[in-house]
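In: Mind looking at a prediction? Sequence and model below.
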Amino acid sequence: MFAYKLRRIGNDLQLLNGAELKNAILIKGKEKQPLNKHSYIFSGAVEKIDSDIAPGEVVCVRTHEGKFIAYGHYNPTSGIVIRLLEWNENKHVNESWFREKILSSIALRKSLFDSKDTDSFRLIFSEGDFLPGLIVDKFADTLVLQSHTSGMDKEKSAIVKILTEEIASITCIYEKSDGDGRKMEGLSNSAGVLFGIMPDKVMIRENGIKYKIDITSQKTGFYADQRNNRALLKKYIKKDDSVLDLFSFTGGFGLTTALNGAGEITLCDSSAEAIAAAKVNFRLNGLDDPEAAEKDCFDYIRELHREKRQFDIIILDPPKLMPKKNDAIKAMRAYKDLNFNTMRLVKKGGIMFTFSCSGNFTPEMFKEMIAYSAKDSGRTVQILEQLHQASDHPVSVSVPETEYLKGLVLRVL
């Protein structure tokens, strides 16, 4: 479980069982970012590191001169060779340390725990909650855990123990650890029940709307980061508005418009599973099935333009189109293609909610892309509101990568 209880012998830190805590020494000049509490140490920043360190083991990171910087999880397979955890030399990464971090995450979300309208949200957001590599989502009485590092894999059973002790209402913890993050760490995918019994179905509420989700499906089955933006959408809906929900997934935005007076609603997603789930959610809330297109959204918006169809409100929420910083040119083209063609579908004076969930695609790049899209589509566009991820996805000021979701409410003339 957790064994990192230390004592000092001369200038060295030593585990109480007699094993020495291993050290990583940084190249001179590479200490500024970690001293500013950024979590990542890249392999090129390390001058030397002790031998025989197991993946996921806690190491002590020091400056070139030997000054303490932080403790962190080590993984030689990853380009991010160390993920920093604790900058106080007198605090050690043990069970008490993890419990303190998890309790802090729970306290931040007290209003969500107490809410009568929402019972699902992100409980732990990796670096945003100072637990790099760990994500936990709460869906009613079920938790879905994602471990993306060898360090969090190593401590998984103890994390589950803390979660079940501190949140009495939890009946199941399901692991869904997959994706590119684990590949970069040299880890295989891992899925299955870690605690309790897997429910036959998971029913949740968000902003008073009911959803049935499949926690084994894409991501964790629901995107809680858009909760506030779905709620905000209500104020822009007028009775009988026509709505187009692009990359609709399980229908959250379209469903919000339907329950607030919109008329004709069209969903588009390339996934048949997502379209089917969205229709189930409409029925759960006493609504008829929406019009739905199981198509590639890039192609569908061109098809709609050829048909001369336009809408009062359009929501454009694509998946990540810029996974790496060197994908900038390709991503700018893809985002512009989507937004340019979508703007042409908005009725004069209509509203467009447009998003990017690519952390590497900066707000400045996003606005520049919107300006080019407006110019080339021949539309006059106003920014009414700037949108962000919900507060259960907190942004660490030391790790700007934690601010990934950005959006704009546009008025298209």
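Out: In hand now; what should we look at?
In: Please identify the buried residues of stretch 93-107?
Out: Within stretch 93-107, the residues scored as buried using 16 or more other CB atoms under 10 Å are V93, N94, E95, W97, F98, R99, K101, I102, S105, I106. Yep, even glycine has a C-beta here, placed from its N, CA and C like the rest.
In: Look at S188 and say how many residues are nearby.
Out: S188 has 9 neighbours, counted by other CB atoms under 10 Å.
In: For E175, see how far away the closest residue in space to it that isn't next to it in sequence is.
Out: The spatial neighbour of S188 that comes closest, neighbours along the chain excluded (CB to CB, 6 or more residues apart in numbering), is R182 at 7.2 Å. Distance of R182 to E175, computed by CB to CB, to the nearest Å: 12 Å.
In: shared neighbours of those two, which are they?
Out: In terms of CB atoms under 8 Å, 6 or more residues apart in numbering, R182 and E175 are both contacted by the residues S147, S190.
In: biggest strand in the chain, by residue count?
Out: Looking across the chain with DSSP state E, the single longest strand is strand 346-356.
In: after it comes which helix or strand?
Out: Following strand 346-356 in sequence order, the next helix or strand is helix 363-377 (DSSP states H and E).
In: now for that following helix, which elements pack on it?
Out: Helix 363-377 sits against helix 328-343, strand 381-388, strand 406-412, with contacts defined as 3 or more CB pairs under 8 Å, 6 or more residues apart in numbering; DSSP states H and E.
In: Report the buried residues of it.
Out: For helix 363-377, by 16+ other CB under 10 Å, it's M365, F366, M369, I370, S373, A374, S377.
In: Same check on stretch 229-238?
Out: Within stretch 229-238, the residues scored as buried using 16+ other CB under 10 Å are N229, R230, A231, L232, L233, Y236, I237.
In: you'd agree the second one is in a helix?
Out: Meaning R230. Yes - counting by DSSP: H, G, I helix; E, B strand; the rest coil, R230 falls inside a helix.
In: Look at it and report its pLDDT.
Out: Looking at R230, its pLDDT stands at 98.
In: Check the last one too.
Out: For I237, the model assigns a pLDDT of 98.
In: Y236 versus the residue lying closest to it once chain neighbours are set aside, what's the distance?
Out: Excluding the flanking residues, the one nearest I237 by CB to CB, 6+ apart is N260, at 4.7 Å. Applying CB to CB, the value for N260 to Y236 is 9 Å.
In: Which residues are in contact with V193?
Out: C172, I173, Y174, E175.
In: got a markdown table for those, with neighbour count, distance to I215 and secondary structure too?
Out: Output for these, formatted as a markdown table (neighbours: other CB atoms under 10 Å; distance: CB to CB, whole Å; DSSP: H, G, I helix; E, B strand; the rest coil):
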| residue | neighbour count | distance to I215 | secondary structure |
| --- | --- | --- | --- |
| C172 | 19 | 9 | strand |
| I173 | 21 | 11 | strand |
| Y174 | 22 | 6 | strand |
| E175 | 19 | 10 | strand |
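In: How is F98 assigned, secondary-structure-wise?
Out: Classified using three-state DSSP, F98 is helix.
In: so it makes contact with I162?
Out: Yes - between F98 and I162 a contact is recorded at 6.0 Å, counting by CB atoms under 8 Å.
In: What number of residues are in the vicinity of F121?
Out: Neighbours around F121, by other CB under 10 Å: 24.
In: give the contact list for it.
Out: R109, L112, D137, K138, A224, R227, A390, D392.
In: Might you specify the subset of those residues located within strands?
Out: Among the contacts of F121, the members falling in strands (DSSP E) are D137, K138.
In: buried subset of the contacts of F121?
Out: For these, buried by 16+ other CB under 10 Å: R109, L112, D137, K138, A224, R227, A390, D392.
In: Next, format the residues you listed as JSON lines and append pLDDT and distance to A277.
Out: Shown next, in JSON lines, are the buried ones among the contacts of F121 (pLDDT from 0 to 100; distance: CB to CB, whole Å):
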{"residue": "R109", "pLDDT": "98", "distance to A277": "25"}
{"residue": "L112", "pLDDT": "98", "distance to A277": "23"}
{"residue": "D137", "pLDDT": "97", "distance to A277": "17"}
{"residue": "K138", "pLDDT": "97", "distance to A277": "19"}
{"residue": "A224", "pLDDT": "95", "distance to A277": "16"}
{"residue": "R227", "pLDDT": "98", "distance to A277": "18"}
{"residue": "A390", "pLDDT": "98", "distance to A277": "21"}
{"residue": "D392", "pLDDT": "98", "distance to A277": "22"}
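In: what's the closest of the residues you listed to D50?
Out: Using CB to CB, D137 is the member of the buried ones among the contacts of F121 that lies nearest D50, at 36.3 Å.
In: re earlier: and the gap between the residue nearest to I237 and K138?
Out: Distance of N260 to K138, computed by CB to CB: 25 Å.
In: Kindly report the same for D376.
Out: 43 Å.
In: same check, this time on P290
Out: Going from P290 to K138 by CB to CB gives 28 Å.
In: all helices for this protein, in order.
Out: 32-35, 95-108, 110-114, 150-154, 156-166, 180-184, 227-233, 252-258, 272-284, 297-306, 328-343, 363-377 (DSSP state H).
In: G407: which of these is closest?
Out: Smallest distance to G407 across these (CB to CB): 6.1 Å, for helix 227-233.
In: What lies in contact with the closest one?
Out: Residues outside helix 227-233 that contact it (CB under 8 Å, 6+ apart): 118, 121, 206-207, 252-253, 256-257, 260, 313, 315, 353, 355, 385, 387-388, 390-392, 407, 409.
In: Check those for burial and list the buried ones.
Out: 118, 121, 206-207, 252-253, 256-257, 313, 315, 353, 355, 387-388, 390-392, 407, 409.
In: from what I can see L304 touches L345, true?
Out: Yes - in this structure, L304 is within contact of L345 by CB under 8 Å, at 5.6 Å.
In: hey, what's in contact with both of these two?
Out: L244.
In: Just want to check the distance between D114 and T171.
Out: Taking CB to CB, one finds D114 at 19 Å from T171.
In: and those two? which has more neighbours close in?
Out: Neighbour totals were compared for D114 and T171, and T171 leads with 14 against 8 (other CB under 10 Å).
In: Would you mind confirming that that one is in contact with V202?
Out: No - taking contacts as CB under 8 Å, T171 lies outside contact range of V202: 10.6 Å.
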